[in-house]
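Student: Following is a predicted model, sequence given first.
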Amino acid sequence: MESENNQTAGSDMEEEEKYERPPSSYGSMKSESDEMEKRSDEEEEEEEERGGRSEGAFIVPLDPPAPPVVGSHMVHSQYTETVYTEVTEQTRPPEAVVIETGSEDLDDIEEAEPEDEEDEILTTCSPEPPEPLEMEGLTQEDENSQPGKLDPELDLPYIFKTIQHVLSKLSNDELFKFKIWFNKWEPLNLLQQVLDGDILDFVDKAIELYGQDKALSKTISTLENMEKKEEINELQTKCQKAIFRFYLKEFLLRKCQIIHEGVPQAGKQQFLNTVYVEPQISTCGFGGVDPSHEILAQPPTPIRVPSEDTFVALNNLFRLEKEDGSPVKTVVTTGVPGVGMSVSVAKFSLDWAEERANKDVQYVMKVSFRSLRLLRNRSNVHEGITMYEILEYCHPPIKGLKILEEENAKYIIIMDCYDCYPTHLDFQNAPVINDNYAKAHVDIVIVNLIRGTLLPNARLWILGRRAAVSEIPSEFVDVVTELQGFTDEMKDNYMTRRFTDTQLATKIVRHYKKVPMIQILARHPFFCWMVAKVFSGCFQSATYGHDPPRLTPFLIHCMVIQTNRMLKFYHRKRDNELNWTDGEKNLLRMLGKMSLKMLEKSTSVFTEEDVKDVDLELDEVVVYSGFCTELIPTIIPGKRTFCFSHYTIQEYMAALYVFLAFHLDSRNVLDSGFLPRFFSSKYSSKSAASLVECAISRTLNSKLGQYDLFLRYLCGLLSLRCHYSLLRGFLYSHSIPKAEGLAEVEQLLKQTIQTAPENRKQNLSECVRELTQEDD
């Protein structure tokens with residue numbers, strides 16, 4: 001009777017159309033086993049048609065086919081499984097020989113030796129999906145040739161198997177309901193395909209559509225709708241690493257995919273991957289100051305620059321090695337203001353989240369010092385806070401997880417905006433803490449994190465301005481990198497990528513290169529953005545672009561934006577609160593006063609004593625202002641030395657101080673008898689012509705380049721466009737009247753050109769253009 005039933009079942013199966021599983025997108029999931037069996041059946045049919053068989057082979061009587069799989073109900077095959085298949089459960093590779101063990105003696109089968117013993121793999125005919133092959137220590141390489149050991153619990157086979165195992169516990173009705181809810185927003189044809197397939201097909205298709213992390217998250221949310229708490233807990237427990245990684249990726253995609261260049265404005269954003277051009281990053285920084293100048297061969301105080309062999313790619317920062325060959329653990333990145341540190345952090349994070357680079361890194365967590373500043377100001381943290389509470393404050397899903405304490409955990413904590421932290425960290429006197437759950441003051445916890453006593457597996461990436469990060473002791477830093485900015489080719493590439501209008505990009509590139517000093521300043525990404533921002537607006541006028549751009553308005557725009565950024569980032573002002581107080585005005589004027597003294601001394605370097613001489617705080621000048629940086633190694637032994645982010649900014653600030661003293665206080669600070677007059681004065685001592693006459697006298701009686709650009713900026717500031725339109729409302733009120741006597745200044749400059757030395761005439765002509773040109 002049983003034999004008849006089996007024959008009847010066999011004939012029914014032949015009449016029905018057998019469902020064929022589509023080829024799997026993931027070969028390791030073993031869904032190609034049906035194709036292998038089909039190929040074996042076709043070979044046997046061909047053998048029967050030929051009416052013979054090859055030598056050494058014999059016909060094996062076939063057993064009835066295995067029952068079909070319905071829903072999640074798995075029925076084991078009646079075939080006998082060998083010990084080998086029970087252990088591996090692997091499907092056979094192509095060209096492997098299938099040996100049926102149901103009705104033959106193994107001793108007889110051993111006599112039939114295949115041609116290639118290495119290709120012979122025993123297989124099972126069970127419809128139950130086999131276990132995927134898990135290779136420990138699997139090493140992969142991403143598109144940037146970055147090798148790394150992948151965590152098995154974050155890799156595809158583990159997640160696939162876990163989802164499949166949990167869904168197999170659902171009943172047929174529950175599984176049908178799950179599929180409907182899981183794909184309720186998908187097209188009907190896709191839903192029909194999913195309903196027709198088994199669990200293996202469903203998981204395979206879900207991962208193909210959504211990716212392994214999102215498929216896992218969608219599975220959990222669907223089970224939550226079905227109120228399947230047991231299955232949810234199992235998935236969350238077994239896949240807690242993948243769930244947390246998915247949260248981090250979504251968080252970083254949301255934060256980093258869109259970039260607000262310069263000063264953030266609503267509706268004024270770009271896709272980071274569209275406009276990003278990677279700047280040069282050096283492992284041998286000296287301050288990041290570009291010594292190039294339009295007139296001078298180098299600044300008065302020589303500045304060192306790194307060589308090209310020290311450059312490293314952004315995504316390879318944690319591929320660097322220490323002197324002993326071990327990988328770096330703490331990387332500090334710095335640069336002059338406006339060189340693009342925040343954008344570099346966003347790009348590094350986005351590349352990891354999109355799996356473009358650093359795939360072997362399990363987690364990338366951003367713990368900004370700006371967030372730590374807010375946390376420090378909370379009233380309830382004065383009692384103390386733990387390391388994990390800080391992580392929970394920045395990333396709530398980490399609560400209750402111990403994944404960061406595992407021995408093989410590999411993750412990066414990005415701590416940017418070091419200069420935003422409101423106090424100096426005391427690395428010498430802070431007590432040592434080894435317990436991640438011990439409470440202490442926020443400052444002490446941060447110190448111990450940088451020391452490496454807390455979260456010892458963490459790799460730290462600390463970013464900030466040079467004068468701020470230099471307080472971190474060198475024994476806690478493995479490598480210091482420095483952003484150097486753009487090459488000429490990178491500048492043009494940025495312009496091309498930023499504008500969809502190629503003709504506009506070409507016009508801007510051609511236009512800004514007409515002024516060498518603007519081309520030099522555009523080496524820094526911030527200034528490059530300024531070029532694009534300012535000139536794209538100017539080119540909206542059909543008549544613009546015939547004359548070269550003026551340099552002074554460009555520097556005024558940069559000064560205004562940097563000061564507004566200082567108010568927002570360091571003083572936490574809102575967009576509608578960016579009114580300059582006497583503090584900001586005094587800062588700029590005193591910076592100018594110090595700059596003028598440095599010009600008179602023919603130096604481009606200043607110390608803390610020079611800052612105190614003009615009644616300013618050091619941090620206010622070298623950290624917050626956005627105009628200065630620290631030089632490493634120091635130029636003066638035993639003292640910290642600083643300079644402006646470019647020498648021409650020093651020249652501009654000196655001219656600004658002279659102009660403000662004249663325009664607001666009616667003082668001519670240049671009329672001090674310091675140098676003999678080149679002309680016999682015929683102008684009033686309080687006139688603009690008298691001021692420019694003194695500046696010309698200093699310029700022509702000094703070596704080439706000492707005061708030349710200073711004179712150009714002073715003439716530019718006197719122009720109606722600059723002092724009455726751009727500066728009014730920032731450095732002085734709208735009630736201040738226009739400067740008078742500009743026609744006399746123009747006449748004076750033209751007379752001076754006629755008698756000046758040849759090497760001075762070109763700059764004097766530029767002074768006339770700065771004073772009179774009005775098309776920008």
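Tutor: Cool, the structure landed.

Student: Surely Phe348 touches Lys366?
Tutor: No: using Cβ atoms under 8 Å, Phe348 is not in contact with Lys366, being 10.1 Å away. Yep, even glycine has a C-beta here, placed from its N, CA and C like the rest.

Student: who touches both of these two?
Tutor: Contact criterion Cβ atoms under 8 Å, 6 or more residues apart in numbering; residues shared by Phe348 and Lys366: Ile414.

Student: Just say helix, strand or coil for Ile281.
Tutor: strand (DSSP: H, G, I helix; E, B strand; the rest coil).

Student: ok, now which ones touch it?
Tutor: Phe311, Val312, Ala313, Leu314, Leu317, Thr333, Ser344, Thr481, Glu482, Leu483, Gln484.

Student: One more pass at 6 Å, please.
Tutor: Val312, Thr481, Leu483 (Cβ atoms under 6 Å, 6 or more residues apart in numbering).

Student: shaky segments in the stretch 551-700 of the chain?
Tutor: 672-682 (pLDDT under 70).

Student: Around Gln428, how many other residues sit close by?
Tutor: 7 (other Cβ atoms under 10 Å).

Student: Which of the helices or strands spans it?
Tutor: Remark: Gln428 resides in no helix or strand, with elements defined by DSSP states H and E.

Student: how about it, phi and psi?
Tutor: For Gln428, the backbone dihedrals (degrees, to the nearest 10) come out as phi -80, psi -40.

Student: What confidence value was assigned to it?
Tutor: If you check Gln428, the pLDDT there is 94.

Student: Quick check: the gap between it and Gly197.
Tutor: To Gly197, Gln428 is 65 Å away according to Cβ to Cβ, to the nearest Å.

Student: How about Pro516?
Tutor: 67 Å.

Student: of these two, who's got more company?
Tutor: Summary of the neighbour comparison: Pro516 and Gly197, criterion other Cβ under 10 Å, with Gly197 having more neighbours (18 against 13).

Student: show me what contacts the more buried one?
Tutor: No residues are in contact with Gly197 under the rule Cβ under 6 Å, 6+ apart.

Student: Give me the phi and psi for it.
Tutor: phi -80, psi 170.

Student: Return the helix or strand in this protein with minimum mean pLDDT.
Tutor: When each helix and strand of the chain is scored by mean pLDDT, DSSP states H and E, helix 83-88 comes last, with a mean of 34.

Student: In the stretch 1-150 of the chain, where is pLDDT below threshold?
Tutor: For the stretch 1-150 of the chain (pLDDT under 70), the answer is 1-149.

Student: should've said the stretch 351-500 of the chain
Tutor: For the stretch 351-500 of the chain, the ranges with pLDDT under 70 are 379, 381.

Student: Would you map the helices across it?
Tutor: Secondary structure of the stretch 351-500 of the chain by DSSP state H, counting those that start in this stretch: the helices cover 369-376, 387-394, 442-451, 466-469, 488-498.

Student: contact partners of stretch 382-391?
Tutor: So stretch 382-391 is contacted by Ile398, Asn436, Tyr437, Lys439, Ala440, Val442, Val445, Leu454 (Cβ under 6 Å, 6+ apart).

Student: The nearest residue in space to Ile159 that is not next to it in sequence: neighbouring residues, count only.
Tutor: Nearest residue to Ile159 in three dimensions, chain neighbours excluded: Gln212, at 4.8 Å (Cβ to Cβ, 6 or more residues apart in numbering). Gln212: 23 surrounding residues under other Cβ under 10 Å.

Student: ditto for Lys229
Tutor: Counted with other Cβ under 10 Å, Lys229 comes out at 10.

Student: Next, it: phi, psi?
Tutor: Torsion angles, degrees, to the nearest 10, at Lys229: phi -70, psi -40.

Student: tell me the mean pLDDT over stretch 315-330?
Tutor: Stretch 315-330 comes out at a mean pLDDT of 92.

Student: buried set for it?
Tutor: Buried positions in stretch 315-330, judged by neighbour count with 16 or more other Cβ atoms under 10 Å: Asn315, Leu317, Phe318, Arg319, Val328, Lys329, Thr330.
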